[in-house]
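Chemist: Attaching a predicted model along with its sequence, questions to come.
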Amino acid sequence: MYKGVGWFISMVMEIINHISKEMHLPEAGVFAVSQLLEQGCTIPFIARYRKEKTGSLDEVAIAGIRDQIEQLNTLNDRKKAVLKSLKERDLLNTMLLADIQNTRTLTDLEDIYEKYRPKKRTRAQIAKEKGLESLADFILKQLNQDLLVEAQKYVSAQNKVETMEEAISGAKDIIAGVVNEDVDVRTSIRKLFLHTALIQSKVKKGKEDEGSKFKDYFDWSEIACKAPSHRILAMFRGQNKSVLLIHVLPDQKKALQIIEKLIIKNQSRSVHAINSTIRSEIQSAIKESYKRLLSKSIEKEYISELKAKADETAIHVFAENLKGLLLSSPLGQKRILAIDPGFRTGCKVVCLDAQGSLLHHDVIFPFQRDDTKAKKTGLNLVKKYGIEAIAIGNGTAGRETEAFIKDIGFDGGIQIVMVDESGASIYSASKLARDEFPNHDITVRGAVSIGRRLMDPLSELVKLDPKSIGVGQYQHDVDQKLLKKSLGDVVISCVNQVGVEANTASSELLCRVSGLNKTIAENMVKFRNEKGLFKSRKDFLKVPRLGPKAFEQAAGFLRIHGAKYPLDRSGIHPESYKIVEKMANNVGIDIKDLMHNIPEIEKLNLSHYLSESVGMPTLKDIVKELQNPGRDPRKEFQAFSFDENIHGIKDLVPGMKVPGIVTNVTAFGAFVDIGVHQDGLVHISQMADYFVKDPNKIVIVRQAVNVTILEIDVKRERISLSMKGN
């Protein structure tokens, strides 16, 4: 359930206007999304079934609006806390209240609050306690008067100020604090950091050998705003490992010049118009403020911003990779023989029926001198269980096992497919796997997972923590809360985009359906087991905890393959059933006969079905569903094979052209499996014959590609590839 914002009603138009301008979206659409989220609607439901209200905004825009509302909510909560603090300390006035209320970012709010923030006992506070604040004010007035004469007035045993020099020094401490808290100064220095700061990394003394993996950053410097996210994250990882020292700073001379222009008055006047001693002391205070306070404060803030942007980029890449993987083409419901390869302990073999249920398991040893028994076992299992495809894990011994299976020579055109087994071992050791197969060991569970991945990658991969799938970079270094939220959005989006068969889906898959949660999903599975299969969508309402709201959100994404009422097999929402019934009546045929009947569907005049609540977007979606009910948006499965002459890195030669599968996409290129147990890298500069800004625009995870071998470093196990001209 979406957590609404309590301040929405009173500030609705201002908030909507702000989000609309920020995201370049129509105000009406933003307003509608805000209301629907407040009502507990999910992003997939809004995007799919409330297009009239939102102006057909997609999931990306809707998620962006949600995030903007949450950010504004966070800002509002912080404003309340700041105002409460100021009021309790009797520091709040009308002007300050207006300034705080008008802020639109946390950064601006904190800049305003900096001057009033409760602080530890600072050098400036100590100087104020000695009565030196008025001397600081005298200096800041920058008059052509004798500073030493004025400073002598503050020498006092009572205030523990023994000399003029001590008085001036204390006044400068106060001025340093004033400079640090000046909003204009902070804004200007922040801009300088943003555009010109260098990120510099150096190795810590004595860490040269221990941190060899960070060798490229032992003495590194570049403009921070232009540094790619992967380099920033690599440097920060080195710092977290206590190998590197990181600093992000602009040119100090330029920073001081900017501050002086803001603090020293009448820059165009003759230097004699201001007492040179006073000018010198102000410049000294500015330098002290920048070195001791301001640069450290802004550096910390900017490092946080750099990290946040690098995180955002890395998480976006991870999310795109995960989406590509989850939407990989399914082989479909086929009888599968799945193999988890192994040299020493043998290959674990399982036979699955078309629904993925375990029928049999065994172990074969194809890498012994006499592999006759292993071949005979394979032939017998294929024949006995009517195997239609063979899935082989792509880990250790994968290619060797593939060669062995192909050498058996099965009849009937059985497909032999290498399957990415990333994370299979994590699933096989999980409580979920133990509960499903309590009487089988890890190896059996792992082989079952490999087979099921071939049938339907999405259904199997939702059982894993996305971070364990291996399609991201620096996933342990980025903001974990943001990563979880982003990847969660991707999983939910993919599940609802594909749709879920209510009578066969696992609780792990069902709980990702719009409007459902873990409890309801488990209740659905329990209901199936105890009461029998769902016969219609109306049966969902009999499930404990699945009330009208959950039904509204979920029903359109749940399919019932054998349902008596034909629309229950489609992606048409029950709230639109009457529209379809009217369509069928108008053309004089049953709904069942209307479905797939493109000539009759094309005769429909959609304008006849328009109403206040139903617009053309919904009607067009209904027509698409009628033409292809319950359509799967994933591409049709196509088998892939590696070059049979290549098995190891030593088989590679520069210039060789080979097929491969994209395993990971990063900001700097793509990693490709070419069947040698070591992925090669297609650098972004080698992805096309033209400039490529975003590798995700060129390839996606699990995409088959042809590549050319550029370089091979056997010792370091590095392979450089190119997609140019392929």
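Modeler: Okay, I see it.

Chemist: Below-threshold pLDDT in this protein: ranges please.
Modeler: 1-12, 266-274 (pLDDT under 70).

Chemist: try 50
Modeler: 1-8, 268-271 (pLDDT under 50).

Chemist: tell me the centre residue of it?
Modeler: Geometric centre of the chain, nearest residue: residue 315, 3.4 Å, by CA atoms, centre = their mean.

Chemist: buried stuff in the host helix or strand of residue 318?
Modeler: Following DSSP states H and E, one finds residue 318 within helix 295-326. By neighbour count on 16 or more other CB atoms under 10 Å, the buried set for helix 295-326 is 295, 298-299, 301-303, 305-307, 310-311, 313-315, 317-326. All C-beta spots, glycine's among them, are computed from the backbone N, C-alpha and C.

Chemist: Run the chain-centre distance for it.
Modeler: Relative to its chain's centre, helix 295-326 lies at 9 Å (CA atoms, centre = their mean, to the nearest Å).

Chemist: Run through the neighbouring helices and strands of it.
Modeler: helix 183-196, helix 229-240, strand 244-249, helix 457-461, helix 480-498, strand 657-666 (3 or more CB pairs under 8 Å, 6 or more residues apart in numbering; DSSP states H and E).

Chemist: how about the CA coordinates for stretch 647-656, as CSV?
Modeler: Output of stretch 647-656 as CSV, limited to C-alpha atoms (Å, rounded to 0.1, in the frame of the first residue of the first chain):
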residue,chain,number,x,y,z
HIS,A,647,36.5,-24.6,-25.5
GLY,A,648,39.2,-22.6,-23.8
ILE,A,649,41.0,-19.2,-23.9
LYS,A,650,44.0,-20.8,-25.6
ASP,A,651,41.8,-21.7,-28.6
LEU,A,652,41.3,-18.0,-29.4
VAL,A,653,43.2,-16.1,-32.0
PRO,A,654,43.1,-12.3,-32.7
GLY,A,655,40.8,-11.7,-35.7
MET,A,656,38.7,-14.7,-35.1
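
Chemist: ok, residues contacting that stretch?
Modeler: 399-400, 403, 645-646, 658, 674-678, 708-712, 714, 717, 719 (CB atoms under 8 Å, 6 or more residues apart in numbering).

Chemist: ok, now stretch 521-541?
Modeler: If you take CB under 8 Å, 6+ apart as the criterion, stretch 521-541 is touched by 502-503, 506-511, 513, 516, 542-548, 551, 554-555, 558, 560, 562-565, 568, 574.

Chemist: What strand or helix carries the residue of the chain positioned farthest from its centre?
Modeler: Computed with CA atoms, centre = their mean, the residue of the chain farthest from its C-alpha average is residue 149, at 62.9 Å. Assessed by DSSP H and E, residue 149 sits inside helix 147-152.

Chemist: what about that helix, distance to the chain center?
Modeler: 60 Å.

Chemist: those strands in the stretch 551-700 of the chain, which residues are they?
Modeler: All strands of the stretch 551-700 of the chain, identified by DSSP state E, counting those that start in this stretch, fall at 558-559, 657-666, 669-673, 680-683.

Chemist: how about those, which one is nearest residue 75?
Modeler: Closest approach to residue 75 among the strands of the stretch 551-700 of the chain (CB to CB): strand 657-666, 32.8 Å.

Chemist: I'd assumed residue 349 was in a strand, is it?
Modeler: Yes: counting by DSSP: H, G, I helix; E, B strand; the rest coil, residue 349 is located in a strand.

Chemist: OK, contacts around the nearest residue to it once chain neighbours are set aside?
Modeler: Closest residue to residue 349 apart from its sequence neighbours, by CB to CB, 6 or more residues apart in numbering: residue 362 at 4.8 Å. For residue 362, the contact set (CB under 8 Å, 6+ apart) comprises 348-350, 377, 381.

Chemist: Which one, of the helices and strands packed on helix 295-326, ends up nearest to residue 262?
Modeler: Each of the helices and strands packed on helix 295-326 has some distance to residue 262 by CB to CB; the shortest is helix 183-196, at 5.4 Å.

Chemist: Return the helix or strand following that closest one as CSV; C-alpha atoms alone will do.
Modeler: Moving toward the C-terminus from helix 183-196, the next helix or strand (DSSP H and E) is strand 198-203. Output of strand 198-203 as CSV, limited to C-alpha atoms (Å, rounded to 0.1, in the frame of the first residue of the first chain):
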residue,chain,number,x,y,z
LEU,A,198,39.1,17.3,-9.4
ILE,A,199,38.6,13.9,-7.8
GLN,A,200,42.0,12.7,-6.8
SER,A,201,43.0,9.3,-5.4
LYS,A,202,46.3,8.1,-3.9
VAL,A,203,47.4,4.9,-2.4
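
Chemist: Quickly list the domain ranges of the protein.
Modeler: Domain ranges of the chain: 12-114, 158-319, 336-455, 494-627, 649-722, per automatic domain parsing.

Chemist: Quick one: closest of the ones you listed to residue 128.
Modeler: Nearest to residue 128 among the domains of the chain is domain 158-319 (6.3 Å), distances taken as CB to CB.

Chemist: if we can go back for a sec, with respect to residue 287, which of the helices and strands packed on helix 295-326 lies nearest?
Modeler: For the helices and strands packed on helix 295-326, proximity to residue 287 was assessed by CB to CB; helix 183-196 is nearest, at 13.2 Å.

Chemist: From the contact counts, what lies against that closest one?
Modeler: Against helix 183-196 (3+ CB pairs under 8 Å, 6+ apart) you get helix 106-114, helix 252-263, helix 295-326.

Chemist: From the chain's centroid, how far away is the second one?
Modeler: Put plainly, it is helix 252-263. Between the centre of helix 252-263 and the centre of its chain there are 39 Å (CA atoms, centre = their mean).

Chemist: Output the helix or strand immediately after that helix in the chain as CSV, nothing but the C-alphas.
Modeler: Going down the chain from helix 252-263, the next helix or strand is helix 276-289, by DSSP H and E. Presented in CSV, the C-alpha positions along helix 276-289 are these (Å, rounded to 0.1, in the frame of the first residue of the first chain):
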residue,chain,number,x,y,z
SER,A,276,45.0,47.6,4.1
THR,A,277,45.4,45.9,7.5
ILE,A,278,41.6,45.2,7.7
ARG,A,279,41.6,43.9,4.1
SER,A,280,44.5,41.7,4.9
GLU,A,281,42.9,40.3,8.0
ILE,A,282,39.6,39.6,6.1
GLN,A,283,41.5,37.8,3.4
SER,A,284,43.3,35.8,6.1
ALA,A,285,39.9,34.9,7.7
ILE,A,286,38.5,33.9,4.3
LYS,A,287,41.4,31.6,3.7
GLU,A,288,41.1,30.1,7.1
SER,A,289,37.3,29.7,6.7
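
Chemist: can you give me the angle helix 276-289 makes with helix 295-326?
Modeler: Angle of helix 276-289 versus helix 295-326, following axes from the mean of the first three to the mean of the last three CA atoms, to 10 degrees, is 30 degrees.

Chemist: how big is the angle separating helix 276-289 from helix 252-263?
Modeler: Using the same axes, to 10 degrees, the inter-axis angle of helix 276-289 relative to helix 252-263 is 120 degrees.

Chemist: Just the residues contacting helix 276-289, thanks.
Modeler: Under CB under 8 Å, 6+ apart, the answer for helix 276-289 is 139-140, 142-143, 145-148, 168, 171-173, 175-177, 179-180, 256, 259-260, 263-264, 271.

Chemist: Narrow these to those that are buried.
Modeler: Buried subset of the contacts of helix 276-289 (neighbour count, 16+ other CB under 10 Å): 139-140, 142, 147, 168, 171-173, 175-177, 179-180, 256, 259-260, 263-264.

Chemist: Name the residues of stretch 14-25 that come out as buried.
Modeler: Neighbour counts over stretch 14-25 (16+ other CB under 10 Å) mark 15-16, 19-20, 23, 25 as buried.
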